[in-house]
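Asks: model the structure of this input:
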Amino acid sequence: MAIDRRALLGLGAVALAATATRALGLEEGSERYVSAARRTDGRFVLVIVSGDGRIERELALEARGHDIAFAPDGRTAVVFARRPGTFALAVDIGSGTPRALFATPPDRHFYGHGAFSPDGRLLFATENDFAGARGVLGVYDVGASFRRIGEIDTHGVGPHDVLLLADGRTLCVANGGIETHPDSGRAKLNLHSMRPSLAFIDRTNGELRARHELSAGLARLSIRHLCVDSESRVWFGGQWQGEALESPELIGHAGADTPARLVDPSRPLGALMKGYIGSIATTDDGLIVAATSPRAGRTIYLDAETERVIGETVLADCCGVAPAYGGAIAVSSGLGRLEIDSPRRTSTRSTAVDGLSFDNHMRRLPS
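Replies: Have a look, this model is predicted:
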C-alpha cells in the first residue's frame, strides 16, 4: 500500500511526539491540563488536572472563568472571566500562585479569550466597547502588572476568540457578530443585522490586513472559536443563531489571503451538532481538527487536508478540547469527565473528576 508524503509526515510527527513523551519520562495520564471549573458547592475555580483525572492545583476565582492564555515563557497563564465579566487572573503555573488580578475599564468587559505577543511583554484580550457597539482588543503591559495601555479595533462586533499566527505579527480575531450590553445580561440584541467575520490584524500598529465574512445566507452563523492546522490555515467553529435543525455547516477555515469557507463533509454536521460548536483544536501535528458540541454531547474529528470526518466520540456536555500526547485529543465535560481520545481509532481513556464541573475550555500545559 502506497503512503503519500503528507501521511508519512503525519506518522512521523506522531512517532516523534511519542518518542518525546518517553524521553521526558511521561507515562500515560501524566499530561497536565488547565481549565476553569465549578465545584459542586458553587465555587468557581481554576484547576490543573492530570490526564488521569488527578487535581494537582486549584485556585479560587471570584466568578465564572472562560478560557486561558499561555505566555511564551510557559509558566504564566491568564484566565479570563466569562462574558460579561471584567476580571482576569494571571497565575504562575509552576508554583500555582497568583501573579496579578486585573480588570477591564468600566466601559469594557472581557469576552473570555486572549493571546500574548511573541516576547510575552503584551497581552491582547477580546473586549466589548458596549456603548459603541464594537469590538476591541485590550492591550495589557505584562511587566507592569498587566496595566491596560491601549486597545485595537477588531473591525467587527462581538469579538470572541483571538490567535497570534506563526508570523508573530498577525492576530486573527473571530468577530462573532452578536451585539450585547451588560445592562441586558447575555441577551443578543442584533440577530437580524449580524455580520460575523474573521479579521486579520497587525498587532504592531492595529492595521487591518484582511476581513472575511461569510455569505449573506450565513449571517446568523456566529464565528466563535479558532485553531490553526499544519498548513497555517485558521479553522473556526460557529454557533447558529436559529433553529438547530436548520443549521448550516458550522466548521470552516480561512487565511489572511484566503476567503472563509465552510467544509463540505460527506454527511451534514450542522444539525448533528445541534447548531453549536463549543470549542475547536488540532492534534499536535496539526493534521486533525477536533470540534466539540456540548448540546449534542459529541466530538467530531476531521482530516485537515481532505476535510472528511474520520471519527467521532460521544460524551455528555463535552466542550473543552486540547491536544494530547501521541496525536490524541483530550476532551472535558461539564459533568466532570476527562477523556483522552484517539481520533483515527476507537480507543478512549476516560476518567471522572469528582465534585468538579469543567467549564467551556481547556488547555494542555507546556511540558
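Asks: which parts of the stretch 201-350 of the chain are strands?
Replies: 208-213, 221-228, 234-240, 251-255, 258-262, 279-282, 288-293, 298-303, 309-314, 318-323, 329-333, 337-341, 348-352 (DSSP state E, counting those that start in this stretch).
Asks: in TSV: those, plus mean pLDDT and distance to Arg57.
Replies: The way it works is simple: take the backbone N, C-alpha and C, and place the C-beta from them, glycine included. What follows is those, written out as TSV (pLDDT from 0 to 100; distance: least, CB to CB, whole Å):
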stretch	mean pLDDT	distance to Arg57
strand 208-213	98	39
strand 221-228	98	25
strand 234-240	98	29
strand 251-255	98	33
strand 258-262	97	39
strand 279-282	98	22
strand 288-293	98	24
strand 298-303	96	26
strand 309-314	94	28
strand 318-323	98	17
strand 329-333	97	16
strand 337-341	96	15
strand 348-352	90	17
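Asks: roughly how far does Ser293 sit from Leu122?
Replies: According to CB to CB, to the nearest Å, Ser293 and Leu122 sit 33 Å apart.
Asks: do Gly217 as well
Replies: From Gly217 to Leu122 the distance is 38 Å (CB to CB).
Asks: who has more neighbours, these two?
Replies: Neighbour count, other CB atoms under 10 Å: between Gly217 and Leu122, Leu122 has more, with 19 against 8.
Asks: the residue nearest to Arg261 when sequence neighbours are not counted bridge partners, please.
Replies: Spatial nearest neighbour of Arg261, excluding adjacent residues (CB to CB, 6 or more residues apart in numbering): Gly252 at 5.4 Å. Here Gly252 sits in beta bridges with Phe236, Leu262, going by DSSP bridges.
Asks: how about Gly252, what does it touch?
Replies: Leu214, Trp235, Phe236, Gly238, Ala260, Arg261, Leu262, Val263 (CB atoms under 8 Å, 6 or more residues apart in numbering).
Asks: mind putting these in JSON lines, neighbour count included?
Replies: JSON lines is the format used below for these (neighbours: other CB atoms under 10 Å):
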{"residue": "Leu214", "neighbour count": "24"}
{"residue": "Trp235", "neighbour count": "23"}
{"residue": "Phe236", "neighbour count": "29"}
{"residue": "Gly238", "neighbour count": "31"}
{"residue": "Ala260", "neighbour count": "20"}
{"residue": "Arg261", "neighbour count": "15"}
{"residue": "Leu262", "neighbour count": "20"}
{"residue": "Val263", "neighbour count": "18"}
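Asks: in the residues you listed, find the pair that's most separated.
Replies: Maximum pairwise distance in the contacts of Gly252, criterion CB to CB, is 14.2 Å, between Leu214 and Trp235.
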